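Pasting the sequence and the predicted coordinates here, then a few questions.
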Amino acid sequence: MNRSLGLNAALVAVVAFFVVLVGLPFWWVVSGSFKIPQEIIARSPTMIPQSFTLQHYQKLFEASDYPVYLVNSLIVAASSTVLTLLLAIPAAYAFFRLVFPGRGFLYRTILLAYAFPSIVVLIPLFGLFAKVGLVDRLPALVIVNVAFALPFSIWMLRSFLAGVPKEIEEAAVMDGAPTLTILRRIMIPLIAPGIASVGIYAFVTAWTEYVFASVLILSDAKRTLPVGFSGIIGQYQIDWGLLLAGATVAIVPVVAIFALIGRGFVSGLTEGAVK
Amino acid sequence: MAELALSNLHKSFGATEVIRGVSLAAQSGEFVVFVGPSGCGKSTLLRMIAGLERSDSGTISIGGRNVTTTDPAKRGIAMVFQTYALYPHMSVAENMGFGLEMAGMARPERQKLVRQAAEMLHLTDYLDRKPRQLSGGQRQRVAIGRAIVRNPDVFLFDEPLSNLDAELRVKMRLEIAKLHKDLGATMIYVTHDQVEAMTLADKIVVLRAGLVEQIGSPMQLYSDPDNRFVAGFIGSPRMNFIDASVSGIKDGALLVDVPELDLSGLPVRPRAMPAKAPATVTLGIRPEHLSEGAEGPFRITLACNAIERLGAISYLYTAPGDDATIIAQLKGASGVRVSETVTVGVDPEACFLFDDAGQRI
């Protein structure tokens, strides 16, 4: 395709604008975490750090409960992600493939979960969890995260499944593959990009979840990052260096998961199957 | 290798009945082609044989075994899909071996069979490639290979060549014919392309609206169609149909008048002399039976309003784009030009008569 020079320049400008828009806060946070306190609060902000220090990180990991929160968050987010995928894949396949009465109704109903703001279900949920002894335990957060991630995940995976040509599944049926084998050997590899997206979605929502974590968890040793970290800020007025270092570390798992399973976002996976 | 028999099959999708009582038999080793316009139910019928669609009533038996409700994989069939339907994330060898793996065959044996099929289909060099790294023709061969390795009693082909370009289609058509000769297996082949049907089939089944219109060898259908639909469907370009009337009977032939062509007393021999000759009929004559420069008592003059020159032959159209156009096949060297007229001979022996219901007289 031939594009004129002017159009190309305009496209580059648009891309550059969004890169700056998204990248600038990141750069501010990450570079700031390595500045000495005086530079961070300097009247004229510096885009390129004039100083370098690891003192904020040292304080973060040695003098605060941050490592505990980090581990808690990792446990909650990873478990939520795995559990969401384990449940969403078979559920999506069932909604997609199995014919049963009320399928369409049920499928629409699961999205009703998003009709209620989380704050509305918070109180009854607290009561419920208190009864079964789940308050102040990490599994409570996993259950909540999975419950909220599932409807969207099922909905999304089902549309990915629908994108797989019907003939591929029929060919597998003709080849004598049982339903679960078709799911495992044929469908899951073909919807890997969808699974990757859902995995990232589930991880990020669990990683950043604040409301439930702030209410269902009572003891400091079980706090997750968003809640625990907000406590750190309040405790010692605002330590900007500590805040920026903590934010930087909090970004790392998300970036890592994008880098790791983001590879699954390869499109054109079904190319060559049909036609 | 086994014979296939369908008996009074019915299938509805909701209120629409797509297969309305189909019975037919394919001998062991026979190449049977289902042909018909789109929506005639030919693919549905094939999918019912495959077991991908359940029949509402009737029976399907393969090799004398009733398989009407048997699982697809246990029917002793293999299917080649129109869209190939290869597993995109598996190599050619894995694609071909998947069915054998599902059947519980050990790996060395599996590899041996895959290799044999690959050699037969000239795919040996591509066994480690993924489908996306292959050309359309190669993908189609992999799909065929996947069917071959399972050594089925009956092969099913669902319009396997329609995604290929014209040149490749001719080549693959010949390959499939050779494959049938080499394997000697029973093959059921669905197509809407009557050329594929004519060239490949031992037996053609013409379907329309869920019913069998006629079953016969390609030349039987061509030279002795049961009705106007089959007559129009088999043969390319299609047969000319012209309104006519019967003016009398002479020597076992109906004397036909065709006012449109200024033709009278054309003696057309009916299949069986009707008890009462109908007043109005439809005269059918193929373009290749209207010959330029032929001598004889029955000659008509056609106005040339379009001409398609194919080299060896040319097609003349009296009213291009109109269903009522008359098409005549002229010699390639014919000098006739648009807006001129040409006189062609009509051979009454090559004419067909159809009644108002479209049935052959």
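That came through fine. Residues are numbered from 1 along each chain as shown, chains lettered A, B, ... in the order given.

Contacts for the lowest-mean-pLDDT helix or strand in chain B, please.
None of the helices or strands of chain B scores lower by mean pLDDT, DSSP states H and E than strand B:290-292, at a mean of 87. Contacting residues not belonging to strand B:290-292 are listed as B:240, B:300, B:302, B:326, B:328-331, B:334, B:336, B:342-347 [C-beta atoms under 8 Å, 6 or more residues apart in numbering or on different chains]. Every residue, glycine included, has its C-beta placed from N, CA and C.

So of those, which two are at opposite extremes in space?
With C-beta to C-beta as the measure, no two of the contacts of strand B:290-292 lie farther apart than B:V336 and B:D347, at 19.7 Å.

From the neighbour counts alone, determine which of the two ranks first.
Per other C-beta atoms under 10 Å in any protein chain shown, whichever of B:V336 and B:D347 has more neighbours is B:V336, with 18 against 14.

Can you read off the backbone torsions of the residue lying closest to that one once chain neighbours are set aside?
Closest residue to B:V336 apart from its sequence neighbours, by C-beta to C-beta, 6 or more residues apart in numbering or on different chains: B:V342 at 4.5 Å. When read as degrees, to the nearest 10, the backbone of B:V342 gives phi -140, psi 140.

For B:V342, list the residues it contacts.
B:E292, B:T301, B:L302, B:C304, B:L316, B:A328, B:L330, B:S334, B:V336.

tell me which of these is nearest to chain A?
Chain A lies nearest to B:L316 out of the contacts of B:V342, by C-beta to the nearest C-beta, at 37.7 Å.

What residues does chain B have near chain A?
B:50, B:52, B:71-74, B:77-79, B:81-89, B:98-99, B:102-103, B:130-134, B:136, B:139, B:146, B:150, B:163 (C-beta under 8 Å from any C-beta of the partner chain).

Tell me which entries of the residues you listed lie within strands.
Using DSSP state E, the members of the residues of chain B next to chain A that fall in strands are B:I77, B:A78, B:M79.

Any stretches of chain B with poor pLDDT?
Scanning chain B for pLDDT under 70 picks out B:1.

okay, which residue is most central for it?
B:A197 (3.2 Å; C-alpha atoms, centre = their mean).

Render the CA-only coordinates of the lowest-mean-pLDDT helix or strand in chain A in CSV, please.
One helix or strand of chain A scores below all others by mean pLDDT, DSSP H and E: helix A:225-235, with a mean of 79. Provided in CSV are the C-alpha atoms of helix A:225-235 (Å, rounded to 0.1, in the frame of the first residue of the first chain):
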residue,chain,number,x,y,z
LEU,A,225,-0.5,-4.4,47.7
PRO,A,226,-3.2,-1.8,46.8
VAL,A,227,-4.6,-1.8,50.4
GLY,A,228,-1.3,-2.3,52.2
PHE,A,229,0.5,0.3,50.1
SER,A,230,-2.1,3.0,50.7
GLY,A,231,-1.5,2.4,54.4
ILE,A,232,2.2,3.0,54.0
ILE,A,233,1.5,6.4,52.5
GLY,A,234,-0.8,7.5,55.2
GLN,A,235,1.5,6.3,58.0
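
what does the next helix or strand after that helix contact?
Downstream of helix A:225-235, the next assigned helix or strand under DSSP states H and E is helix A:240-261. Residues outside helix A:240-261 that contact it (C-beta under 8 Å, 6+ apart) are A:26, A:29-30, A:32-33, A:35-37, A:40-41, A:55-57, A:59-60, A:64, A:66, A:70, A:73-74, A:77, A:196, A:199-200, A:203-204, A:207, A:225, A:229, A:232-233, A:236.

same check, this time on stretch A:146-160
A:80, A:83-85, A:87-89, A:91-93, A:95-96, A:107, A:110-111, A:113-114, A:118, A:191, A:193-195, A:197-198, A:201-202, A:205-206.

Can you get me a residue count around the residue of the stretch 51-200 of chain A found nearest chain B?
Closest to chain B within the stretch 51-200 of chain A is A:G176: 3.1 Å, counting by C-beta to the nearest C-beta. Applying other C-beta under 10 Å, we find 19 residues neighbouring A:G176.

which helix is the longest one in chain A?
helix A:66-97 (DSSP state H).

Please compute how far that one lies from its chain's middle.
10 Å (C-alpha atoms, centre = their mean, to the nearest Å).

which strands and helices sit next to it?
helix A:103-110, helix A:138-162, helix A:192-208, helix A:225-235, helix A:240-261 (3 or more C-beta pairs under 8 Å, 6 or more residues apart in numbering or on different chains; DSSP states H and E).

Go again with 7 Å.
Contacts defined by 3 or more C-beta pairs under 7 Å, 6 or more residues apart in numbering or on different chains; DSSP states H and E place helix A:66-97 against helix A:138-162, helix A:192-208, helix A:225-235, helix A:240-261.

For the first one, list every residue counted as buried.
Of the residues in helix A:138-162, those with enough neighbours to count as buried (16 or more other C-beta atoms under 10 Å in any protein chain shown) are A:138, A:140-158, A:160-161.
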